[in-house]
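S.K.: Here is my input; please provide its structure:
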Amino acid sequence: MKNFAKELKEFAMKGSVVDLAVGVVIGGAFGKVVSSLVSDVIMPSIGVLVGGIKFTDLVIVLKDKSIDAAGAVVPAVNLNIGSFIQSCFDFAIVAIAIFAMIKVMNHMKKRKPAPGEEPAPVPEDIKLLTEIRDALKK
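M.R.: Okay, here's the model as predicted:
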């Protein structure tokens, strides 16, 4: 049992596991921010633009509420189209934000060498072509 606990501790303390945990926590918080942005800012604005429609109220009633033979209320069956549209906007904004973040990260990876770093050596064939070009210019 001690061996299992030791292996579990080593696994949990690896950098990738900690990074993943941080990513999940930040992703959850980011998802809440995006959901609030969509439901509280974007969808009401779109609703005003299209004539005062509140998207969360958009439903298609498949079966109305009724009362069965025993007197119990049978709830209505609805398709909540407005909630689906709102979720699509949530997804689109998250996808765009993640795409932009990855683009920025990839751009930062393609950095130029620092002043103290030497550039990669130039292959011999490139050196030869450079000499030929310079000779032709003369």
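S.K.: For the protein, which segments count as strands?
M.R.: Listed in chain order, the strands of the chain (DSSP state E) span 60-63, 66-67, 73-74, 77-79.
S.K.: So which residues lie in contact with the longest one, not counting its own?
M.R.: Put plainly, it is strand 60-63. With CB atoms under 8 Å, 6 or more residues apart in numbering as the contact definition, strand 60-63 has outside contacts at Ala76, Val77, Asn78, Leu79, Ile81. Yep, even glycine has a C-beta here, placed from its N, CA and C like the rest.
S.K.: ok, and the closest non-adjacent residue to the fourth one?
M.R.: Counting by CB to CB, 6 or more residues apart in numbering, Leu79 lies nearest to Ile60, which is 4.2 Å off, once chain neighbours are set aside.
S.K.: What helices and strands are in contact with the top helix by length along the chain?
M.R.: Using DSSP state H, we find that the single longest helix of the chain is helix 81-109. Taking 3 or more CB pairs under 8 Å, 6 or more residues apart in numbering; DSSP states H and E as the contact definition, the neighbouring helices and strands of helix 81-109 are helix 15-37, helix 43-49.
S.K.: mind running it again at 7 Å?
M.R.: helix 15-37 (3 or more CB pairs under 7 Å, 6 or more residues apart in numbering; DSSP states H and E).
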